[in-house]
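>>> below are the sequence and a predicted model; questions follow.
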Amino acid sequence: MFIVKLNAIDSTNSYLRKLSAEEIVQDYMTVIAKEQTNGRGQMGTVWSSQSAKNLTFSVFKDVSQFDLEHPFYISIVTSLALLKTLQFFSISRLSIKWPNDILSEDKKICGILIENVIKQNNINASIIGVGLNVNQTEFKNLPKASSLKIISGKVFDLDEIVHVILKNLKHYFLLLKKGHYDILKNDYETYLFRKNKPSTFKDEEGVVFSGFIKGISMSGNLQVLLEDAIIKEFDLKEIQLLY
Ligand code: BTN
């Protein structure tokens, strides 16, 4: 396994993306930064993290040999690898908030940013960016954020966690390569945050409505049971879960 450790970089995702455009990058090459000056989150947000306290890293995954009809499976695989890693370190009450935030109870401890490298209209590789809050104990203006240290009271070794994550990523990507879509989808849905619980959402127009999360479609849309007993599917831009 090829692991590169940097003191500071704008974003490990941007670094790996640029590198992969310039040269052949080894499968599972991992870039870890103590500090990111322009850490990026989902939907154009900023990912901030205290220097050297947490894990901010990206993994290059070659998916050119995968029969990837549904790219959302890359998200499923990554979410499961992270969740199982945190289970291994005895973190309690874990769930996956669709599409791929990892929570403990109702607090976010891990965010994932997956950026795909497209070649000839196919996904050739994925840059899997992970921000895992490990030993940081204060999150200014982020009341819904937490860390492994806050939850468990323990200080964790960052390298040890990365190795378990990479081992789990390999395990789940092998399942994907072998086409075990049902196993992966069922496992993901088992941990889906607020599944079968009455929940409040906001749509694109800002209209608030309620429903029950039932699961996800093969393409990764969220399936919500609405008041009129109809299950409707939403993609990421169409719905926001308000806790
Ligand atoms: C989210 O919004 O929840 C996703 C956060 C992803 C953050 C990680 S940190 C390492 C990698 N590099 C980035 O710039 N972002 C991801």
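Sure, I can see it.

>>> so where do the strands sit in the protein?
Taking DSSP state E as the test, the strands found in the chain are 3-9, 30-36, 55-62, 94-97, 101-104, 107-119, 122-132, 198-203, 208-216, 222-225, 231-234, 239-242.

>>> list the contacts of the longest one.
Applying C-beta atoms under 8 Å, 6 or more residues apart in numbering, the contact partners of strand 107-119 are 13, 17, 20, 40-42, 47, 64, 71, 74-75, 78-79, 82, 86, 91, 97, 100-103, 123-133, 144-148, 151. Yep, even glycine has a C-beta here, placed from its N, CA and C like the rest.

>>> tell me what the residue in the chain that the ligand sits nearest to is bridged to.
At 2.2 Å from the ligand, residue 111 is the closest residue in the chain, using C-beta to the nearest ligand atom. Counting by DSSP bridges, residue 111 is bridged to residue 131.

>>> that one: neighbouring residues, count only.
Neighbourhood size, residue 111 [other C-beta atoms under 10 Å]: 24.

>>> any idea how far it is from residue 20?
Per C-beta to C-beta, to the nearest Å, residue 111 is found 21 Å from residue 20.

>>> next one: residue 221
For residue 221, the distance to residue 20 equals 29 Å [C-beta to C-beta].

>>> spell out which parts of the protein neighbour the ligand.
Residues of the chain found near the ligand (C-beta under 6 Å from any ligand atom) are 11-13, 36, 39-42, 45, 47, 56-58, 101, 111-113, 129-131.

>>> pull out the buried members of the residues you listed.
Neighbour-count burial (16 or more other C-beta atoms under 10 Å) applied to the residues of the chain next to the ligand gives 11-13, 36, 39-40, 47, 56-58, 101, 111-113, 129-131.

>>> top helix in the chain by residue count?
helix 158-177 (DSSP state H).

>>> show me how far it is from its chain's centre.
Computed by C-alpha atoms, centre = their mean, to the nearest Å, the chain-centroid distance of helix 158-177 equals 13 Å.

>>> show me what that helix is packed up against.
Packing partners of helix 158-177 (3 or more C-beta pairs under 8 Å, 6 or more residues apart in numbering; DSSP states H and E): strand 30-36, strand 55-62, helix 72-88, strand 122-132, helix 181-190.
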